[in-house]
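A.B. asks: Provided below for reference: sequence and predicted model.
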Amino acid sequence: MSKMPTALDETDKKLLTLLQRNNRLTADDLGDLVGTSRSSVQRRMKRFRDEGIIEADISVLSTKAVGRPMTFIVEVELERERTDLLDEFRRSMLALDDVQQCYYVTGHTDFILIVTSADMAAYEEFSRQVFTDNPNIRRFHSNVVVNRIKAGLQVPL
């Protein structure tokens, strides 16, 4: 369980900015870049993880290189917004590898999804199983991404 995050000082912000761009930098490299010692960097990184500031260390894959070149932005509107049905939809999205991101949103739709697929036929099958056959989905609208201009999870500090 993570602790409440402590306030970030300028060195913390510099470290986190560097780590968001490349989390394979060594503690020595990071220390040199921000002007602090390796041990200070290691202590700070442990604190970042313990406090949940760093949620995960991941590798970002090329969807094209792994055979999933198509990306869809899908708006989903539920038939009913009962808590149990919202929770059921959330759980189902967490279990689907095709769904990269899922956001519960305000506005004219209930959820926005980012979905990847090998091709249109695979997406059609996915949408049939996940959306069309689900009695709690009032409507869904799929947008095909023509060209990814920017994709990332970096947070400005």
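C.D. replies: Nice, thanks for sending it over. Residues are numbered from 1 along each chain as shown.
A.B. asks: which regions of the chain sit below the pLDDT cut-off?
C.D. replies: For the chain, applying pLDDT under 70 flags the ranges 1-2.
A.B. asks: For it, just list every one of the helices.
C.D. replies: Using DSSP state H, the helices found in the chain span residues 10-21, 27-34, 38-50, 83-94, 120-127.
A.B. asks: what residues are up against the most centrally placed residue in the chain?
C.D. replies: Of all residues in the chain, the one closest to the mean position by C-alpha atoms, centre = their mean is residue 101, 5.2 Å from it. Going by C-beta atoms under 8 Å, 6 or more residues apart in numbering, residue 101 touches 113, 114. Heads up, the C-betas are built off the backbone N, CA and C, glycines and all.
A.B. asks: Tell me how far it lies from residue 111.
C.D. replies: Distance, residue 101 to residue 111, by C-beta to C-beta, to the nearest Å: 10 Å.
A.B. asks: what residue of the protein is the furthest out?
C.D. replies: The chain, C-alpha atoms, centre = their mean, max distance from centroid: residue 37 (31.5 Å).
A.B. asks: if you skip the residues just before and after it, what's nearest to that one?
C.D. replies: Ranked by C-beta to C-beta, 6 or more residues apart in numbering and with sequence neighbours excluded, the top spatial neighbour of residue 37 is residue 31, at 5.5 Å.
A.B. asks: contacting residues around that neighbour?
C.D. replies: Contact partners of residue 31, counting by C-beta under 8 Å, 6+ apart, are 37, 38, 40, 41.
A.B. asks: Next: residue 143.
C.D. replies: Residues in contact with residue 143 (C-beta under 8 Å, 6+ apart) are 72, 73, 74, 75.
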